[in-house]
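Novice: Any chance you could fold what I've pasted below:
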Amino acid sequence: MDGWRWLILTFLALQGIGFTNTEYYSSTEQMIDLIALDKELQIKFELYIYKELEHVQALFRVLRHVKNTIPAISETFISNPLTAYKFIEMLINKWNLIEEHISQSPSLEFIEYLDMAHEMLPDEEDLFGVALGLFRVQEIYNLYPEDVIRKMSAATQLSTDDAVLMSKVAYRNKNYKIAYMWLNETFKRLEKGDAAEVEVFELARLLASSSFIQGHVQLAIDATKLILEHDQHNEAAWFQQLEYRIHQITHEADPKVDPREPSNQSYQAMCRWEANRLSPQRQKMLFCRYSNGGGNPHLIYSPMKEEDEWDNPRIIRYHNFITDKEIDHLKKVAKSKLQRSETSPNIISNIRVSKSAFLSEEDQGVYDVTRRIEDVTGLDMETAEPLQVANYGIGGHYSPHLDLLSKEEEEIRHGNRMATFQIYMSDVELGGATVFPTIGATLKIQKGSAVLWYNLLYSGEHDVRSLHAGCPVYLGNKWIATKWIHGYGQEFRRRCSLSELD
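Specialist: Below you'll find the predicted structure:
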């Protein structure tokens, strides 16, 4: 009845007929009006059915369209920054299209459900977030747009309009180097005859600005010529070209520098494995061995495989530290708790792009892993922080940082973070390495292994050599678990020194 009531009221409203203070039985004339209304309702109802049939047919056409345009989705597919970008773009476009058609239907129940579900779907912010992750990967790994495109699935091709959007997002975020690269890619496609919705003169404006900032003044002048060919009365372009010409006359010639030339910064170069300072001499000082944790009864019959990754400061890798079954359990426990990682309490920044969750030792699997950390390191876990599981997204990274607390946090949390124990819970196809820029060490992600390093010297002073970073993930799904071990309670487990240099 409620559905019929809604339908009748709707039709009556369309006819300008209301029920306010109306008594049909007391007026023949109004009864005659009801006869007319009944006929009108039958006509409207018939039209409604035909429109609903047309609507259903339109929905089937939309369904066939979205089915035919969806590629086979896999973890590998969405771990690629560009295919992930296309995937999110596809989700946004697909569900916007469906919502647009559904909203024309009287099926309010599904519309209400769709409204609730809409909050769970990606939006423009997600789309741009993936784009920024891609730019981060391009910068650090020195990737041309064609390198990125080559990694795309055959089912998902990058259109010229996609390249335009990439350049615009990069320009909007003042990443002029990346904007320049994608603009070049766009113009190459246009020269081949590819179609694009954007006007060339609009791209020329972005190219002129980004080229000039990159030091390519002549290219900036040529770009403004394209603008003026389209609009000779564009005063902004005339003044811009004049500025570029004056700069060209009063400054030295453009340096012959490829804007795609990789950065020489230690962190970025190490992520590309170009600045690893593991010399043959240092390599000779590194050893592999079986360790029972100094006679720990849990390791006597099943010693841990240890490998020196670095000698000074010492970085140790433990092979086969955790099983695949334990990894799956930690992931399962963490997934429902994952939230955007913070760089410090209540502070979220692009310095750290990942989601993480602290796990309680009330869970037996978490407890077992923590006890094993204590066994292999010989350190007390009583004052350590809960195990933190982190998952890195598209271009996910953690810029160079020290695992140290502020004075205020140190007093609250049982001393500073003396040591970091990091467990690798996945392999990463490309990128994601842990690097130590100050000393030049690069650690490969190796599923099932774990690494230990110290953030404090024996004297308790900060060891600045422990500066480290998580390189951006290019391809793959990076999962890690971290245990920060505090100084309190370690007095009889790690010897102290009176020298500030030790």
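Novice: and the longest helix seen in the chain, what does it pack onto?
Specialist: The residue-count maximum for a helix in the chain (DSSP state H) belongs to helix 28-69. Under the contact criterion of 3 or more CB pairs under 8 Å, 6 or more residues apart in numbering; DSSP states H and E, helix 28-69 touches helix 2-15, helix 81-102. C-beta here means a position set from N, CA and C on the backbone, and glycine is covered the same way.
Novice: same thing but 6 Å
Specialist: Secondary-structure packing of helix 28-69 (3 or more CB pairs under 6 Å, 6 or more residues apart in numbering; DSSP states H and E): helix 81-102.
Novice: Pull the helix it packs on out as PDB, backbone CA atoms only.
Specialist: Provided in PDB are the C-alpha atoms of helix 81-102 (Å, rounded to 0.1, in the frame of the first residue of the first chain):
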ATOM      1  CA  PRO A  81      50.700   2.300  -9.700                       C
ATOM      2  CA  LEU A  82      49.400   3.100 -13.100                       C
ATOM      3  CA  THR A  83      47.000   0.100 -13.400                       C
ATOM      4  CA  ALA A  84      45.800   0.900  -9.900                       C
ATOM      5  CA  TYR A  85      45.200   4.500 -11.000                       C
ATOM      6  CA  LYS A  86      43.200   3.200 -14.000                       C
ATOM      7  CA  PHE A  87      41.400   0.700 -11.700                       C
ATOM      8  CA  ILE A  88      40.300   3.500  -9.300                       C
ATOM      9  CA  GLU A  89      39.300   5.700 -12.200                       C
ATOM     10  CA  MET A  90      37.300   2.900 -13.700                       C
ATOM     11  CA  LEU A  91      35.500   2.300 -10.400                       C
ATOM     12  CA  ILE A  92      34.600   6.000 -10.000                       C
ATOM     13  CA  ASN A  93      33.400   6.200 -13.600                       C
ATOM     14  CA  LYS A  94      31.500   2.900 -13.500                       C
ATOM     15  CA  TRP A  95      29.600   3.500 -10.300                       C
ATOM     16  CA  ASN A  96      28.900   7.100 -11.200                       C
ATOM     17  CA  LEU A  97      27.400   5.900 -14.500                       C
ATOM     18  CA  ILE A  98      25.400   3.200 -12.700                       C
ATOM     19  CA  GLU A  99      24.200   5.700 -10.000                       C
ATOM     20  CA  GLU A 100      23.100   8.100 -12.700                       C
ATOM     21  CA  HIS A 101      20.900   5.400 -14.300                       C
ATOM     22  CA  ILE A 102      19.600   4.000 -11.100                       C
END
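Novice: Now that helix: buried residues?
Specialist: By neighbour count on 16 or more other CB atoms under 10 Å, the buried set for helix 81-102 is 81-92, 94-95, 98, 102.
Novice: I'd like the mean pLDDT over it, please.
Specialist: Over the span of helix 81-102, the pLDDT mean works out to 84.
Novice: Can you tell me what sits against that helix?
Specialist: Helix 81-102 is contacted from outside by 58-59, 62, 66, 77-78, 114, 121-122, 126-127, 130-131, 133-134, 137, 148, 152-153, 156, 394-395, using CB atoms under 6 Å, 6 or more residues apart in numbering.
Novice: Inside helices: which ones of those?
Specialist: Per DSSP H, the contacts of helix 81-102 map to helices at 58-59, 62, 66, 77-78, 114, 126-127, 130-131, 133-134, 137, 148.
Novice: between those residues, which is nearest residue 435?
Specialist: Checking those against residue 435 with CB to CB, the nearest one is residue 137 at 15.2 Å.
Novice: Now do the closest one: how many residues are near it, please.
Specialist: By other CB atoms under 10 Å, 27 other residues sit near residue 137.
Novice: for residue 411, same thing?
Specialist: 11.
Novice: Now do the same contact list for it.
Specialist: Residue 411 neighbours (CB under 6 Å, 6+ apart): none.
Novice: same thing with residue 318?
Specialist: By CB under 6 Å, 6+ apart, the contact list for residue 318 reads 304, 376, 450.
Novice: how close does residue 399 get to residue 141?
Specialist: Distance of residue 399 to residue 141, given as CB to CB, to the nearest Å: 15 Å.
Novice: next one: residue 208
Specialist: If you measure residue 208 against residue 141 using CB to CB, the figure is 28 Å.
Novice: Next one, pLDDT for residue 348 please.
Specialist: Note for residue 348: predicted pLDDT of 85.
Novice: Which residues are in contact with it?
Specialist: Here residue 348 is in contact with 340, 342 (criterion: CB under 6 Å, 6+ apart).
Novice: low-scoring pLDDT stretches of the chain, where are they?
Specialist: Residues of the chain that meet the criterion pLDDT under 70 lie in 1-37, 41, 70-72, 106-114, 117, 119-120, 153-156, 252-264, 498-502.
Novice: try 50 this time
Specialist: Along the chain, the model assigns pLDDT under 50 to residues 1-5, 7-9, 11-30, 256-257.
Novice: Quick check on the closest residue to residue 483 other than its chain neighbours: phi, psi?
Specialist: Leaving out its chain neighbours, the residue that sits closest to residue 483 by CB to CB, 6 or more residues apart in numbering is residue 421, at 4.3 Å. Main-chain dihedrals, residue 421, degrees, to the nearest 10: phi -120, psi 110.
Novice: Quick check: next helix or strand after the host helix or strand of residue 327?
Specialist: Assessed by DSSP states H and E, residue 327 sits inside helix 324-335. Next along the chain after helix 324-335, taking DSSP H and E as the criterion, comes strand 339-340.
Novice: For residue 132, which non-adjacent residue is spatially closest?
Specialist: Leaving aside its sequence neighbours, residue 132 sits nearest to residue 173 (CB to CB, 6+ apart; 6.5 Å).
Novice: Could you report the separation of that neighbour from residue 204?
Specialist: From residue 173 across to residue 204, the span is 20 Å (CB to CB).
Novice: So those two - more neighbours on which side?
Specialist: residue 204 (24 against 14).
Novice: Wait, the more buried one touches residue 227, no?
Specialist: Yes - if you go by CB atoms under 6 Å, residue 204 and residue 227 touch, sitting 5.0 Å apart.
Novice: Adding distance to residue 335, write the contacts of residue 318 out as JSON lines.
Specialist: Compiled in JSON lines, these are given as follows (distance: CB to CB, whole Å):
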{"residue": "304", "distance to residue 335": "28"}
{"residue": "376", "distance to residue 335": "27"}
{"residue": "450", "distance to residue 335": "21"}
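Novice: And the strands in the stretch 151-300 of the chain?
Specialist: Under the criterion DSSP state E, counting those that start in this stretch, the stretch 151-300 of the chain contains strands at 288-291.
Novice: Identify the residues contacting stretch 206-224?
Specialist: Stretch 206-224 is contacted from outside by 171, 176, 179-180, 183, 204, 237, 240-241, 244, 247-248, 254-255, 259, using CB under 6 Å, 6+ apart.
Novice: Can you give me the first-to-last residue distance of stretch 469-476?
Specialist: By CA to CA, to the nearest Å, the extent of stretch 469-476 from end to end equals 18 Å.
Novice: Quick one: residues in contact with it.
Specialist: Contact partners of stretch 469-476, identified using CB under 6 Å, 6+ apart, comprise 79-80, 136-137, 140-141, 267, 271, 392, 395-400, 428-433, 435.
Novice: Filter the residues you listed down to the buried ones.
Specialist: The buried subset of the contacts of stretch 469-476 (16+ other CB under 10 Å) comprises 79-80, 136-137, 140-141, 267, 271, 392, 395-400, 428, 430-433, 435.
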